[in-house]
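# prediction below, plus the sequence it came from.
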Amino acid sequence: MSLEKKIMTSMKEAMKAKDQTALAALRAVKSEILLAKTSGDDGDLSEEEEIKLVQKLVKQRKDSARIFSEQNREDLSEPELAQAVVLEKFLPEQMGVEEITKVIEDIIAKTGAAGMKDMGKVMGIANKELAGKADGRTISTVVKAQLV
């Protein structure tokens, strides 16, 4: 089932349950999907593009929540985090740090990366291999730790 159909099904369930937080998050995804479809060439999104779209929305929610928390606005932070949790259900299962470290070590061995000057090369390959399975910030942290 495509992401759009899953979102519509979940929206119906959220409406029936009167879950406003989930409904807001799902409407945001639906809106982004429609925007992406209308701005694209063929009007259809690949699974990879759908995952990137949801990841972007989750990242936005988490960043907003972090900023609200820093400003002691927990009343605004909590709904953002709740929406991020709803959206994460539509992403593939995320890898743990240990799994990411193994993949990064393999990439470093293949490319022969020796230091921080090779970080861009390693990050490019890692982002392609781990797309949808790991957060970019986590990947970056692991790569920095391995290359130092």
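The structure has been received and is ready for your questions.
# show me what the helix or strand harbouring residue 99 is packed against.
Assigned by DSSP states H and E, residue 99 belongs to helix 97-111. Secondary-structure packing of helix 97-111 (3 or more C-beta pairs under 8 Å, 6 or more residues apart in numbering; DSSP states H and E): helix 119-129, helix 136-147. Heads up, the C-betas are built off the backbone N, CA and C, glycines and all.
# show me the helices in this protein, by range?
Remark: helices assigned in the chain by DSSP state H are 3-17, 20-39, 47-70, 74-88, 97-111, 119-129, 136-147.
# centroid-nearest residue for this structure?
The residue lying closest to the centre of the chain (C-alpha atoms, centre = their mean) is residue 55, at 2.1 Å.
# contacting residues for that residue?
91, 132, 135 (C-beta atoms under 8 Å, 6 or more residues apart in numbering).
# now do 7 Å
Residue 55 sits next to 91, 132 when contact means C-beta atoms under 7 Å, 6 or more residues apart in numbering.
# cool, the one 5 residues further on as well?
In this structure, residue 60 makes contact with no residue, judged by C-beta under 7 Å, 6+ apart.
# for residue 51, same thing?
91-92, 131-132.
# which of those sit farthest apart?
Largest separation among those by C-beta to C-beta: 91 and 131, giving 10.9 Å.
# output the below-cut-off pLDDT ranges for this structure.
For the chain, applying pLDDT under 70 flags the ranges 1, 40-41.
# before we move on, the earlier item: so the residue nearest to the centre of the chain versus residue 92, what's the distance?
Distance check for residue 55 against residue 92: by C-beta to C-beta, to the nearest Å, it reads 10 Å.
# shared neighbours of these two, anything?
The contact lists of residue 55 and residue 92 share residue 132, where a contact means C-beta under 7 Å, 6+ apart.
# if we can go back for a sec, out of the contacts of residue 51, which are buried?
residue 132 (16 or more other C-beta atoms under 10 Å).
# now the contacts of residue 51 in CSV, with distance to residue 76?
Compiled in CSV, these are given as follows (distance: C-beta to C-beta, whole Å):
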residue, distance to residue 76
91, 24
92, 29
131, 30
132, 28
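# tell me the contacts of the residue lying closest to residue 133 once chain neighbours are set aside?
Nearest residue to residue 133, sequence neighbours excluded (C-beta to C-beta, 6 or more residues apart in numbering): residue 95, at 4.9 Å. For residue 95, the contact set (C-beta under 7 Å, 6+ apart) comprises 130, 133-134.
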